[in-house]
Structure formats: structure tokens, C-alpha cells
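Participant: How does the following fold in three dimensions:
(2 chains)
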Amino acid sequence: MFKVQFAEKEMKFDAPLSVFDAAKEAELVSRAHVAAKVNGQVVGMTHLLQEDATVQLLTFADAEGRHVFRHTASHILAQAVKRLYPEVKLTIGPAIEDGFYYDFDSDISFGPDVLAAIEGEMKKIVKENLLIERFELPRDEAIKLMEEKGEPYKVQLIRELPDDAVISFYKQGEFTDLCAGPHLFSTGAVKAFKLTQCTGAYWKGDQKNKMLQRVYGTAFPSKDELKAHIEALEEARKRDHNKIGRELEYFTTVEEIGQGLPILLPKGSRVIQTLQRWVEDEEQKRGYLLTKTPLMAKRELYKISGHWDHYLDGMFVLGDPDDYTKECFALRPMTCPFQYQVFLNKKRSYRELPMRLGETSTLFRNEESGEMHGLIRVRQFTISEGHLVLRPEQLEEEFRGCLELAKYCLDTVGMLENCTFRFSQWDPARAGIKYEGTPEQWEEAQRIMGNILDNLGVEYTIGIDEAAFYGPKLDIQYKNVFGKEDTIVTIQIDMLLAEKFGMEYVDSDGQMKRPYIIHRTSLGCYERTLAYLIERYAGALPTWMAPVQVKVLPIGDEHIDYGYAVKQKLENFGVRVEIDDRNETIGKKIRNAQLEKLPYMLVIGDNEMNDQTVAVRSRKDGDKGVMSVDAFLSDLLQEIAEKRR
RNA sequence: GCUGCUAUAGCUCAGUCGGUAGAGCACGUCAUUGGUAAUGACGAGGUCAUCGGUCCGAAUCCGAUUAGCAGCUCCA
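Facilitator: Residues are numbered from 1 along each chain as shown, chains lettered A, B, ... in the order given. A predicted model of the protein is given here:
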């Protein structure tokens, strides 16, 4: 006799039975249940219960349930591929955030026609409603089975499993795959799926390995859900900054200038200027000292910092890096060693610390050709860079200040709610290769940072092997419309560079001490931020940062002079105004202004000119009625000052 | 850098079987003087990304390069 505790009720059983049967006995099971959690572990509905257990039934609405569902979809994909192309070798095929993929080693490339054929075969497999059975094998038999099936990658995976690993397989019809599972009960549940694309991906994610063919897909329990998902995806892609940023004339690129070197057009430049002035003012309020340091330096500087050894490939070098009979310069890929010179300018006292240095800093990084993406990944960019030189006891307080500033900036522009935090740590396996310093230094810095993050109540994930070569980071991450994540803000503790540059201060006891350094950004890279803002607001930026805030639309020629007078008045208060004095109908002018997504239109005709008023139309709410210029201006300035979203 | 896709007017895109290029928008001129998402007429605009090859003939087929897109890898 054993007890099974469901959320709703407790059941007692005499003989072992499956989760499905137990749930059936309890009258809890429905078609929607795709898997279960037994004592916290996700299992399939066929999992055998034979002792006391807590069982939570999972549906597609649960993240774990979705995962199981889509993992089965990936097996259906693999089965279809093997039916159509038996010579293709299987590798791995997990569920991911919005779907699943499977990597194949194949000589033929999976173009649209091939994907359509595979989808057709998958439909058949779903219709066949094959039962999915789990079985386990000892290692040698598992290897033998996969060798017989001609799956060398699977053999390799089995060989790499730890000694105590359970080696399980899942079989559906003629198809058997090495897999930890769990899976659905049968293939019939995968009612709606779509293969979305095929791309290359390295075996085991390593550039040195063979490139495989990765087929991406997504799956849902119903066609309606699939359709809704695809529509939502299309909707998101309409916000793609790379598309509307060009259409709305924020930026462009020119073949002759080169990859990763966008031209910021007047609108994009104005937004960045607005953000930059605001961030610089905000930093000034928070005690930052402004610096302006060179964009390049001799190779010797980067040798001291370690960049020459660690990141030469990523730098633009002017001259022959190996010819020591001549000077060799390199454009800067970061600001640290330049800004440190400010501290090093004279002997420093503990009384001067914390020293907060800020700079709107342009950097150059020679990214590989396939890495560039619109304004998000570029070769030249400008960041709100800063370095804080600290006494050790100031570290936590100053780290808090940096985090507060970053959160304030991200919140003000409306991005904070979609940010995630990543505690980026080193990988001891790459000590001495990617990372400098001793394990003791790393453990110390990571311990301090972990404590600070915990004390501040920051919810974070841990990213192993994501640290800088000189220390751990708190990276604030943001996703673009394709779901791809990049760092927008970073706060880093550096325990190495101060030593390399011989930075020290005279402490209260007269002893020379080594300072801690925080590297940080307030709003990150302006180009990247602009890209995310365009996507966040679908091009309709909040009034305070909109490149054009107001457009004056005179109805006829006789209203143009008054229009210019209104424009002038607003401009006197710093408002960014344009006037559309073309010989076009008012309908046309409104349409154009609406498509430009600017916040306010002021329509002026006889009535407004005679009464010294404006007819206000907002992009959001349409016609807002007639009001005096002063009343409009006063509301507008209020909105801008509050940085209303 | 790797895998796949793409490149025709400023923009969005047609262009059939290989026979020397077309629309809408934008732009210019003229007419029109208007009231909350497109007034009308006319006009100008292209070495079909670049270079090379096949062919009597290439926007079209092939190759390379450059640039753009998605993914992988990378991201101080």
C-alpha cells in the first residue's frame, strides 16, 4: 500500500501503476495533461508509481509541460527526417523557449521544399498516433544499439555520459532515439506544429567542429494556438528596429563605409544626443567627474592592460603589430586604461575616494563579419562608460549606486520591465587562457559580488564563462524582437587592472593601498539602446526623446506665417518642431505626420490664426481640440520634464 | 569566420522561356487654397550591387567579391 498525493486529493494504491492510471483513478486526468511532476521531478504520464509520492499533473500551460510537448515534437521531426533521408545522422534535439530544434548531420541542405516534405511526413506520424515507449540499456548494449542504427553522434554521447548515468531510449514506431525524456504518451497529441527555419549550427556549439543542419520548429496542442503564436511573432517583427529604424530615417548603412558602421541620420542622432545629455547630467548629479580621453593609444598601453594578449583579434590596429622598430597604434576597444590615467595623474588620498569617473566614450571592436546586426551589434559605438575607484569598504555602497543609476536609466526609458540580470562568472577551466588572476582572487571577487547582489535582493541567473578577463560582471540583458538577448548595461568588479597599472592611494594610516575598481555603464551603448527603444515603442518614442516632438500643419498658404510664429515660440522653449509648409492638403499632411509617428500635430487654419490658438492632434488619441499656444506649450513642457512614457 | 537566403529607381516591389526595364510611393514643375490618414496633370530618376565567365545575345544561367537578413560561434 502506498499513498499518492495529488494537489486536489490523496489516493491509496496496492499495486504499482502509471501516473496516468493513478490520475484516472482519482478522476483528475484529462486530455490536456501532457506530463507530471513526481516528487518535483518531471516525468511522462506512463511513469510507474510504486511508493508514496506527491504528484502534480502538468498541462501545456506549464513551462515544464510545454517542454515535454515540444521535445516530443522534435522526436517526430527526427523520425520524419530518418524516414525521408535514412542516411542523415542524428545528433541532439531539445525543446527551447518557444519551440524546439533538432540538429542533423546531412549532406543535403534542408531548403523550403525539403522542410515542406518533412512537415508532410511529420503530419503522417502524428496521425499514426504512435505510442512512445521508454526503455533503459546498460552502456555497452546502448552503444551497440546505436552502432547498429548507424548513429555515430549518439554513440559519442553515450560514451560521454557519466558512469552512474541511466541510459534511456524512447521508441515510437520504427524510430528509437537516445534521450533522457520525458515524452508524451503518443505522437497523436502534437496537433499543430510548424518548421520555421533551417540554419547551420556547430556540433556541440564548437566552431572547430562540423557544422550541422539545425531545423527549428514550434508546436502547440491546437491549430488556433499555433496560428496565434505565428501572428504574434509577425507582429513583433514589424517592430524590428532594423526595418523601421531605416524606414523612419533613424539610421542607414552604406556599402562603401562597411559592415557594422551605421550612419545615424538626423533623427537617430537627435535621440542619442537627448539620451546622452540626460545621462551625463544625471551622472553629474550623482557625483561623477567628466573625462574626455583619446580614441586610440600605442600598443604599449594595451600590453599593460592585458588587451593586447587577450583581445588583439578584436582590435583595429594601425600599423604592423609585430614591428617594434615603429610605433603601432590601436583604436580603443574599451575605456578603462585611458580613464585610469586620470586617477594616476597625481598621488591620491583616501579622502578623494570614491572617485567616480564618467565619459561618453566611443569604442571600436573588430567584430567578425557575421556578427553585425543593425544598431545592436556594430563595430563602432558610444557608451556611457564609467569607472569608480574605491576603498574596499566602499565597494558595496558604490555598487548599489551603480545599480540604482542603471535601473533608474532603464526604467525612465521604459526598458527595465523587460530586463533580466545575469551574474557573469569565470570558468575555472579556462583560467590562464581567457581569465587572468588567481583562483583565490576570482573566488574573492565573486563572493563579494554575490553577497552584494543578495543583499540588494537582485534576482539573477548565473552565467558561467561570461565574465570579463579581469573580473565578474552583473550584466543587464535585453531581448530584441527575434528573442535574441544582448547586454544593455554592465557593472563589473575589477580586481586586476588596478595592480597592472600601479594604481594606489594613501590611506588614513599613511600606508599605500590598492583600490577596487568598478567598471559600469549607465544606459549602455547608445546605438544598441536606440535599437531597443525603436522596438519597444514600435518607432513611436516617448515625447521627451522623440526626434521631432511637434509638427505644425498649416492648412493653406495664408496660415504659413502664423505657423512659423508658433514654431518659433515652441523652439524658444527647446521643443523640437517641424513645419509642413508644402502645398498639400491637410489630410495628406496629417497622414504623413502620423506615419512618422511623431507625438503632436498642430493644425492651424483661419480659426486658429484669428484666435491665436492651435488645434492639437496627438498620435495616440487623435483630435485633442483647440487650445491656446501657451496652454499647449505648458502641457508639453510638463510632459517632457516628467519624461512621461 | 561558418550554414542558408537575398541584392532591379531614394523606398516598397513587378519583370514569364535568356532577346537591352515597369508600377506605386517619394522627388520636381504646373494647376488647385484645402479642416483631421493620400487633390489632379505632367516630368525627371536605373551601367538591374561589383567584377569575371557561358552565350549571337545576360537583370535573368554560372563563379567570385561586397553588402543586407536569420541562425551558429564570438561578444573586453
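
Participant: who in the stretch 101-250 of chain A is up against RNA strand B?
Facilitator: A:109, A:111, A:197-202, A:205-207, A:211, A:213-214, A:240, A:242, A:246-247 (Cβ under 7 Å from any atom of the strand). Bear in mind the C-beta positions are built from the backbone N, C-alpha and C, glycine included.

Participant: my bad, the stretch 351-500 of chain A
Facilitator: Within the stretch 351-500 of chain A, the positions near RNA strand B by Cβ under 7 Å from any atom of the strand are A:365-374, A:377, A:434, A:466, A:468-469, A:482-484, A:486-487, A:490, A:492.

Participant: what about 6 Å?
Facilitator: Taking Cβ under 6 Å from any atom of the strand as the contact definition, the stretch 351-500 of chain A meets RNA strand B at A:365, A:368-374, A:468-469, A:482, A:484.

Participant: Generate a PyMOL selection restricted to the buried subset of the residues of the stretch 101-250 of chain A next to RNA strand B.
Facilitator: For the buried members of these, the matching PyMOL selection, counting by 16 or more other Cβ atoms under 10 Å, is:
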select buried, chain A and resi 198+201+213+214+240+242+246
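
Participant: In helices only, show me the residues of the stretch 101-250 of chain A next to RNA strand B.
Facilitator: Those of those mapping onto helices are A:242, A:246-247, per DSSP state H.

Participant: export the residues you listed to a markdown table and tack on pLDDT and distance to A:Gly358?
Facilitator: What follows is these, written out as a markdown table (pLDDT from 0 to 100; distance: Cβ to Cβ, whole Å):
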| residue | pLDDT | distance to A:Gly358 |
| --- | --- | --- |
| A:Asn242 | 91 | 30 |
| A:Arg246 | 91 | 31 |
| A:Glu247 | 89 | 34 |
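
Participant: Quick check: of those residues, which lies closest to RNA strand B?
Facilitator: Using Cβ to the nearest atom of the strand, A:Asn242 comes nearest to RNA strand B of those, at 4.4 Å.

Participant: which non-adjacent residue is nearest the closest residue to RNA strand B within the stretch 1-150 of chain A?
Facilitator: Nearest residue of the stretch 1-150 of chain A to RNA strand B (Cβ to the nearest atom of the strand) works out as A:Ser109 at 4.2 Å. Once flanking residues are discounted, A:Ser109 sits nearest to A:Gln213: 6.5 Å by Cβ to Cβ, 6 or more residues apart in numbering.

Participant: wait, the one you found sits on A:Val114?
Facilitator: No - between A:Gln213 and A:Val114 no contact is recorded; they are 9.6 Å apart, counting by Cβ atoms under 8 Å.

Participant: which residues do these two both contact?
Facilitator: Common neighbours of A:Gln213 and A:Val114, counting by Cβ atoms under 8 Å, 6 or more residues apart in numbering, are A:Cys198.

Participant: Beta-bridge partners for the residue nearest to A:Gly287 when sequence neighbours are not counted, please?
Facilitator: The spatially closest residue to A:Gly287, leaving aside those adjacent along the chain, is A:Arg356, at 5.4 Å (Cβ to Cβ, 6+ apart). Beta-bridge pairing of A:Arg356, defined through DSSP bridges, involves A:Leu388.

Participant: what are the ranges of the helices in the stretch 301-450 of chain A?
Facilitator: Assigned by DSSP state H, counting those that start in this stretch, the stretch 301-450 of chain A shows helices spanning A:307-310, A:336-344, A:395-413, A:439-455.

Participant: what angle separates the third one from helix A:439-455?
Facilitator: Which is helix A:395-413. 50 degrees (axes from the mean of the first three to the mean of the last three Cα atoms, to 10 degrees).

Participant: So which residue is dead centre in chain A?
Facilitator: A:Glu485 (1.8 Å; Cα atoms, centre = their mean).

Participant: Beta-bridge partners for that one, please?
Facilitator: Judged by DSSP bridges, the bridge partners of A:Glu485 are A:Lys479.

Participant: correct me, but it touches A:Gln477?
Facilitator: Yes - A:Glu485 is within contact range of A:Gln477, at 5.0 Å (criterion: Cβ under 8 Å).

Participant: What's the nearest residue in the stretch 101-250 of chain A when you look at RNA strand B?
Facilitator: A:Gly200 (2.6 Å).

Participant: Also the stretch 201-350 of chain A?
Facilitator: At 2.2 Å from RNA strand B, A:Gly314 is the closest residue in the stretch 201-350 of chain A, using Cβ to the nearest atom of the strand.
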